[in-house]
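> Sequence first, predicted coordinates after that:
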Amino acid sequence: MRIFLTVIILILSLQSWTKADDIRDFEIEGISIGDSALDHFKQSNFDTFYKQYYPGSDEYLGVEIPQHLSKIEFSNYDSITLNWKKNDNSMKIVALSGIKLFPNNINGCLKERDFIASEIKGILDDFKEESYEMDFGDMHDSVSYAIDLKIKDGSIRIWCTDWDEKTEKENDWEDDLNVSIDTKEFIYWVDNIAYK
């Protein structure tokens with residue numbers, strides 16, 4: 001049984017959940033780790049999606065798919081991201097996330113973050129939790145508030161980003177909630193190689 005990371009499904013199907021410890025048991029907008037990106041999107045669509053760039057390595061590729069560019073109607077997120085190994089022709093997903101915008105509403109974002117984290121913790125068999133804040137940007141005025149739930153084969157991270165006013169204006173960004181599901185291998189690559 002796949003476990004949905006959506007607030008509505010969380011509320012409506014609470015009684016049907018079973019305990020989970022495999023990262024592939026979770027999904028965002030019907031997509032799971034281990035799926036082929038081609039099961040959900042046509043190869044020709046990938047040219048229209050926003051490419052993710054990693055300055056230290058191109059071992060993995062990724063795209064952000066905003067709702068307006070997707071042929072799939074998202075039920076809970078404004079965009080999703082998918083990542084896979086560069087040389088994998090099947091485009092097997094090793095990391096995915098859902099992004100929901102919370103314009104100028106960091107408190108609402110944090111409330112939803114805490115609710116989602118609580119629901120996920122309730123179904124995990126064995127996990128390690130880490131909560132932290134991280135500031136970044138030119139003046140370190142942007143802040144992310146993260147909860148990591150580390151399990152045997154990866155991690156589920158739920159975080160809110162409160163972008164500083166300058167960054168919001170320059171990039172046309174808004175405060176947002178992110179829910180990401182990542183394999184251990186992808187996490188290691190991002191932490192140690194992708195941005196070196």
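Here it is on my side, so go on. Numbering: from 1, shown residues only.

> going forward, measure contacts and count neighbours with C-alpha atoms only.
OK.

> I'd like to know which helix or strand in this structure has the lowest mean pLDDT.
Here the helix or strand of the chain ranked lowest by mean pLDDT, DSSP states H and E is helix 7-12, holding a mean of 37.

> Following element in sequence after that helix, please.
Using DSSP states H and E, the helix or strand that follows helix 7-12 in sequence is strand 26-28.

> helix or strand right after that next one?
Sequence-wise, the next helix or strand downstream of strand 26-28 (DSSP H and E) is strand 31-32.

> if you average pLDDT over that next one, what comes out?
Strand 31-32 shows an average pLDDT of 96 in the prediction.

> So what touches that strand?
Applying Cα atoms under 8 Å, 6 or more residues apart in numbering, the external contacts of strand 31-32 come out as 24-26, 40, 93, 96.

> So, low pLDDT: which residues of this structure?
1-19, 137-139 (pLDDT under 70).

> switch the cut-off to 50
Applying pLDDT under 50 to the chain flags the ranges 1-17.

> Could I get the full set of strands for it?
3-4, 26-28, 31-32, 50-52, 60-66, 79-85, 93-101, 128-136, 142-151, 154-162, 176-183 (DSSP state E).
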